[in-house]
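Peer 1: give me coordinates for this.
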Amino acid sequence: MKRGFCLLLVLGVVTKASALDPTEDYPNYKALAANGRVDLYWKLNTAKTIITFEIIAKTNGWVGFGISPNGVMPGSDIMTAWVANGNAFLQDRFATANSKPAVDQSQDWHLINTFESGLYTVVIVKRAVVTCDANSDDVPIEDGTTTVIWALGTAGDPANADDLYYHQYANRGIQSVYLLSEYTPVTLPGDAFVRSFQMDNVVATTSTTDTVYRCMYVKLPSFSTKHHVVRVSPLITAGNVDLVHHMLLYECPSFTAAEASGLDGYVFDCGYTSTEQMPCISIIAGLELNGRSYDFPASAGYPLASNSARYAVLELHYNNPDNAIAAGRRDSSGLRLHITPTLRTYDAAQLEIGAEVSPLMMIPPYFDRLTVPGYCSPACTTDAFPSGGIHVYAAYLHAHLLATAIRVYIKRESGNIELLAADNHYNYDYQYTKSFATPINIKPGDGIMVECDYNSASKTHYTFGGIATTDEMCLVELSYYPRIPELAMCQSTGVWEDYLWRVGATAAGYEPFLDPLITKPASLKDQPVKGTLDQPAVTSAFTSVQERNTFQNLLLQNATMLNICFKTNYGEYPNTFQEMATPTFIRPSQTAQCTAL
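Peer 2: As a prediction, the model looks like this:
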């Protein structure tokens, strides 16, 4: 089944979990531990150079909170704080091992307030996003996923400033957060109302696969005058939060009356083995992982009118690693559309860019780092974009388990290179949408490069592009306005000739889409591409550093790319499948200046 594998948008509204309210209304919140045991609130200054944290922890002992470069304690920049006899204590520390962290010579965590309230300790501190610690003992906060660690001392206050006793195993934790978020929640208009779409008790787990996709056609509401969808919120079946990985709503092209007959509520398998041909590839909106609500920006909304799409497909991805949940679990999850007749300035849409999801995106084993590119070519933006271009207000970066970093660059028609978004610590288990305080204008003739880094050092087999969690992707979903009704995706793919020489083949087809067959030579005809490549005689070659370097240079410098510029009805823009050389360019620095407090 050939379709768009567009993924998603995640944004939420701050809600408190602990028994205490924070001392002010913060734009950002993360529960670091369950049941309100440790809650984190934070805000940034206008320049995004100083960050203020408020930590509410259920302890009357000491509170530890830190920034980790790699998810473990060694190398972490940590602050510890407590209240004793009415006096507040704060220390900036640096961990070199899994032991008591040393006091940092440069004290770059600054106390605003610390106090106890009942069973809780509240710590309010600030630090520079990038500190000026001359000893490099501080971890900079980057514009992407940040790993934070916490620990609680529950045996009372330290006897003195040097007596930071051990927290015990049960009193520590780790979480991924997006600290530099520019998202501002949008207030719903008073005339907003809700329409809901839910699966109908579908089978969400099987004994044969850990990845299940279920799709259902739904009839969108129609109005005599245009309305805007301004929020999408989740409906998760009780007990299935651990199963629902993501959901999204695809816009469908116009159907004839005969085609539409019986569609509303029709459920079908839309996963790897599906034989259904789903004609709906343009994304309306979606929800990922934790299922928090998504708000459109104050200036834009998704349009619903008598002449707009009448049908959509609700898709749910159920992820059941190692089949830990028994076969036969059923689900009725879905989503709510919050709709208003109060129109915003622009109609919004989403554009999927990156590498086409197919086996032509391949990751051999034994790589500590392999960079895979995907390119939205200037030919596509020239063909599809309006003269004033599009304005991107958010970007969702998506890959799977092997991914470690994702970067997005704009290659301007002038030749200038701009960094649009980056996550240098990508974590599949924590995904978010990056919003831009000021929308980014991308014009006809500009190109957009996506680069994904993967670590396959522990693998002994190829990992191919596909829709299962154990497959890989390299995609970015751009949220933008004004809407281009015809445009669905702007991507690239490769050519088989660049890869099949390793097994003596010269050509392969593109069907079945995710498991294609070799077509030449005759001696290998109809052999599966993936199975033929993924054999020890081929994969063992990548134990060689030289062979890994050769493959990386192929992807970034020498491979042939094909332009993928698809319309929402699977039509093609004029330059689709045009060959192009992999663009090369000097990547701009991501290093930020330090801020002294």
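
Peer 1: that's a helix at L397, yeah?
Peer 2: No - counting by DSSP: H, G, I helix; E, B strand; the rest coil, L397 falls outside a helix, being strand.

Peer 1: can you pull the phi/psi pair for the closest residue to it other than its chain neighbours?
Peer 2: In space, L397 comes closest to I406 once its chain neighbours are excluded; the distance is 4.2 Å by CB to CB, 6 or more residues apart in numbering. All C-beta atoms are positioned from the backbone trio N, CA, C, and that covers glycine. I406 has phi and psi values of phi -140, psi 130 when expressed as degrees, to the nearest 10.

Peer 1: low-confidence ranges in the stretch 201-350 of the chain?
Peer 2: 272-275, 277-278, 288-292, 307-309 (pLDDT under 70).

Peer 1: can you show me the strands along it?
Peer 2: With strands called from DSSP state E, counting those that start in this stretch, the stretch 201-350 of the chain shows them at 202-203, 211-219, 227-235, 244-251, 267-269, 282-288, 294-295, 300-304, 311-319, 330-331, 334-340, 346-347, 349-355.

Peer 1: in the fifth one, what's buried?
Peer 2: By neighbour count, and taking 16 or more other CB atoms under 10 Å as the criterion, the buried residues in strand 267-269 are 268-269.

Peer 1: direction included, what does that strand pair up with?
Peer 2: If you go by DSSP bridges, strand 267-269 pairs up with strand 211-219 (antiparallel).

Peer 1: can you mark which positions in the partner strand are buried?
Peer 2: 211-218.

Peer 1: could you do stretch 318-338 as well?
Peer 2: Within stretch 318-338, the residues scored as buried using 16+ other CB under 10 Å are 318-320, 325, 329, 331, 333-338.

Peer 1: of those residues, closest to I284?
Peer 2: The nearest member of these to I284, counting by CB to CB, is L337 at 8.3 Å.

Peer 1: surely the closest one touches V194?
Peer 2: Yes - the pair L337 and V194 passes the contact test of CB atoms under 8 Å, sitting 6.9 Å apart.

Peer 1: ok, back up a step: okay if I get the buried residues of strand 211-219 as CSV plus distance to T433?
Peer 2: As requested, the buried residues of strand 211-219 are exported to CSV (distance: CB to CB, whole Å):
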residue, distance to T433
T211, 23
V212, 25
Y213, 22
R214, 24
C215, 23
M216, 24
Y217, 26
V218, 23
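
Peer 1: one step back: can you put the strands of the stretch 201-350 of the chain in JSON lines and add distance to G465?
Peer 2: Formatted as JSON lines, the strands of the stretch 201-350 of the chain follow (distance: least, CB to CB, whole Å):
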{"stretch": "strand 202-203", "distance to G465": "26"}
{"stretch": "strand 211-219", "distance to G465": "14"}
{"stretch": "strand 227-235", "distance to G465": "27"}
{"stretch": "strand 244-251", "distance to G465": "17"}
{"stretch": "strand 267-269", "distance to G465": "20"}
{"stretch": "strand 282-288", "distance to G465": "19"}
{"stretch": "strand 294-295", "distance to G465": "26"}
{"stretch": "strand 300-304", "distance to G465": "28"}
{"stretch": "strand 311-319", "distance to G465": "16"}
{"stretch": "strand 330-331", "distance to G465": "27"}
{"stretch": "strand 334-340", "distance to G465": "27"}
{"stretch": "strand 346-347", "distance to G465": "31"}
{"stretch": "strand 349-355", "distance to G465": "7"}
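
Peer 1: most tightly surrounded among the ones you listed?
Peer 2: Of the strands of the stretch 201-350 of the chain, the one with the most neighbours on average (mean count of other CB atoms under 10 Å) is strand 349-355, at a mean of 27.

Peer 1: average pLDDT for stretch 184-199?
Peer 2: The pLDDT scores in stretch 184-199 average 90.

Peer 1: on that earlier part again, which of the strands of the stretch 201-350 of the chain sits closest to Y375?
Peer 2: Closest to Y375 of the strands of the stretch 201-350 of the chain, according to CB to CB: strand 349-355, at 8.3 Å.

Peer 1: who's in contact with the closest one?
Peer 2: 4-6, 9, 282-285, 302, 361, 372-374, 376, 390, 408, 448, 450, 452, 465, 473-481, 483-485, 487-493 (CB atoms under 8 Å, 6 or more residues apart in numbering).

Peer 1: off-centre distance for the longest helix along the chain?
Peer 2: The residue-count maximum for a helix in the chain (DSSP state H) belongs to helix 545-553. From the chain centre to the centre of helix 545-553 is a distance of 28 Å (CA atoms, centre = their mean, to the nearest Å).

Peer 1: residues of that helix that come out buried?
Peer 2: Buried, per 16+ other CB under 10 Å, within helix 545-553: 548, 551.
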